[in-house]
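Trainee: Sequence plus predicted model, see below.
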Amino acid sequence: MSLLYFGSPGKPGSAVLLGGALLLSLGLLSRPVAAQRLLDFQYADSLTLALQLQQRWAALDSVGEEALRLGQDYPALHRRLGQAKLNTGRHAQAVRHYGLALRADALDSTARHGLVLAHLALNQREQAAFLASGLSEPLRRQLRLRAFYAVNYADVEGSIQQGDNIHRRDASFWRLGLGSQLGPRVGLMQSLSFFNQEVQGPPPPPPPPGMRPLPPPFIPISQWEYHALLGVQLSPAWRAKLSYHYLNSYYGTRFYPSYLAYGALSYTRPYWTAQAGLYGGTITDTTRTQADLRLAVYPLGNLKLYGFGRSSLIFSGGRRYPNSLLGAGVRLRPWLWAEAFGSWGLVPTLAEADGTYVFNLFDQMSRRSGTSLHILLPYSLALRLHYLAEQRIDRYNLQSYNLHSLTASLAWTW
């Protein structure tokens, strides 16, 4: 296969190739002329290669797509189109083209490297780690995708909650998380968390005649939690998840040990990810189960705009509680994202984020809305700032009240 032609007899020179590419990309060549030229394999191959070497990604994208439309379909063309898509921010399309090139030749390390980069650009680190097993060790180290890390992720999170209910004092929540890579297919996330609050108990019985009634005393409640999530990448598209969440809750004078197990299966495509999961266990002496369906979509094929949603059905105490969540995110700067979401449906307990968070609610929650900022910092650090507004129902007087939370978390990946 020739690289560039420099005006040998009967063959177009490099200036002609690049000039033709420019005219084609600007739409100045008529469709019959473009079709006639790109139908020639050697011309189409040399032209797309020249554009790749010149790093003219937009022109390569236009010419390559036209060549595909006209029937020029071979691995090198998909590999070049993958590079063009990756460099023009069309990451989902880059996954498609690099995937087709790799499917044709499993030993194509250039296509594999590009496919890994495209998955990383879509924040699909698990898929990237799975595919990176076919790359050289120095390149995996450069990408921070080695097969084994005892610890390669850490985050710390703190939250302060304040409501307009005089029977509930301010609450706090703290969490420390660690992540490990146990192989190219297997990852483990673990976290420890602590919740603390004081709530006013039920009204005491009426006092004897002539004595003033006493206000209900405030009761300390707290909760220690441990969570472990094991993820296994079954293929580039399929991932299985298993988790265990242990809670040790304290209400006034008594401890309630609780647990929740979780299993899920997710399927990832370049433009969307779907996941089905099931929780089951005992929380505060009550058997609870929760069925989840989750969906994330990337309509532009990158992280400039995305949507996410969840539909859950919780079974607790012989009753069913449906709950839904819908949100969207947008990239404001290359280092800054903003998200907003709303959730509705009365629940006595709720598990989220693959069981990382378990809302073991003293007061039932009816709806909530929130907004977040995600900020990429130097040294592989990421900062998340989150505001949440909830409506809860006092378990004693059944009155609704509002609860506001401010959360900050700092994550480090290495």
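Mentor: Thanks, I have it. Numbers count the residues shown, from 1 in each chain.

Trainee: can you list the weak-confidence ranges in this structure?
Mentor: Residue ranges of the chain with pLDDT under 70: 1-35.

Trainee: Domain ranges for it, per the record?
Mentor: 14-142, 149-205+213-413 (automatic domain parsing).

Trainee: Pick the most deeply packed of these.
Mentor: For the domains of the chain, average neighbour numbers computed from mean count of other Cβ atoms under 10 Å are highest in domain 14-142, which has a mean of 19. Placement of C-beta: from N, CA and C, glycine included.

Trainee: Tell me the gap between that one and the middle of its chain.
Mentor: Between the centre of domain 14-142 and the centre of its chain there are 26 Å (Cα atoms, centre = their mean, to the nearest Å).

Trainee: Which parts of this protein are strands?
Mentor: 149-163, 171-181, 186-200, 218-233, 238-251, 254-269, 272-283, 286-297, 305-316, 319-333, 336-352, 357-377, 381-393, 400-413 (DSSP state E).

Trainee: Tabulate these (JSON lines), appending distance to residue 81.
Mentor: Shown next, in JSON lines, are these (distance: least, Cβ to Cβ, whole Å):
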{"stretch": "strand 149-163", "distance to residue 81": "32"}
{"stretch": "strand 171-181", "distance to residue 81": "31"}
{"stretch": "strand 186-200", "distance to residue 81": "31"}
{"stretch": "strand 218-233", "distance to residue 81": "26"}
{"stretch": "strand 238-251", "distance to residue 81": "26"}
{"stretch": "strand 254-269", "distance to residue 81": "18"}
{"stretch": "strand 272-283", "distance to residue 81": "21"}
{"stretch": "strand 286-297", "distance to residue 81": "23"}
{"stretch": "strand 305-316", "distance to residue 81": "23"}
{"stretch": "strand 319-333", "distance to residue 81": "24"}
{"stretch": "strand 336-352", "distance to residue 81": "27"}
{"stretch": "strand 357-377", "distance to residue 81": "28"}
{"stretch": "strand 381-393", "distance to residue 81": "31"}
{"stretch": "strand 400-413", "distance to residue 81": "30"}
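
Trainee: Looking at those strands, which is nearest to residue 210?
Mentor: Closest approach to residue 210 among these (Cβ to Cβ): strand 186-200, 24.9 Å.

Trainee: related to what we said a few turns ago, just so I know, which of the strands of the chain lies nearest residue 45?
Mentor: For those, the distance to residue 45 is smallest for strand 254-269, at 29.4 Å, taking Cβ to Cβ.

Trainee: Between strand 272-283 and that closest one, find me the angle.
Mentor: Orientation check (axes from the mean of the first three to the mean of the last three Cα atoms, to 10 degrees): strand 254-269 against strand 272-283 gives 160 degrees.

Trainee: Only the C-alpha atoms, please, for strand 254-269, written as CSV.
Mentor: Output of strand 254-269 as CSV, limited to C-alpha atoms (Å, rounded to 0.1, in the frame of the first residue of the first chain):
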residue,chain,number,x,y,z
ARG,A,254,-30.6,0.3,71.0
PHE,A,255,-28.4,-0.8,68.1
TYR,A,256,-29.9,-2.3,65.0
PRO,A,257,-27.4,-4.2,62.8
SER,A,258,-28.6,-4.3,59.2
TYR,A,259,-27.4,-5.5,55.8
LEU,A,260,-28.2,-5.1,52.1
ALA,A,261,-26.9,-7.3,49.3
TYR,A,262,-27.0,-6.2,45.6
GLY,A,263,-26.5,-7.6,42.2
ALA,A,264,-26.7,-5.9,38.8
LEU,A,265,-25.9,-6.3,35.1
SER,A,266,-25.1,-3.4,32.9
TYR,A,267,-24.8,-3.1,29.1
THR,A,268,-22.8,-0.2,27.5
ARG,A,269,-23.0,1.1,24.0
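
Trainee: Partner strands of it and their direction?
Mentor: Paired neighbours of strand 254-269 in the sheet (DSSP bridges): strand 238-251 (antiparallel), strand 272-283 (antiparallel).

Trainee: How far does it sit from its chain's centre?
Mentor: In terms of Cα atoms, centre = their mean, the centre of strand 254-269 is set 18 Å apart from its chain centre.

Trainee: for stretch 192-200, same thing?
Mentor: On Cα atoms, centre = their mean, the centre of stretch 192-200 falls 28 Å from the chain's centre.

Trainee: same deal with stretch 216-224?
Mentor: On Cα atoms, centre = their mean, the centre of stretch 216-224 falls 35 Å from that of its chain.

Trainee: Other residues contacting it?
Mentor: 167, 169, 192-204, 247-252, 360, 362 (Cβ atoms under 8 Å, 6 or more residues apart in numbering).

Trainee: and if you look at stretch 390-405?
Mentor: 159-165, 167-168, 200, 202-203, 346, 361-368, 386-389.

Trainee: contacting residues for residue 317?
Mentor: Contacts of residue 317 (Cβ under 8 Å, 6+ apart): 286, 348.

Trainee: 10 Å - rerun?
Mentor: By Cβ atoms under 10 Å, 6 or more residues apart in numbering, the contact set of residue 317 is 286, 287, 288, 348.
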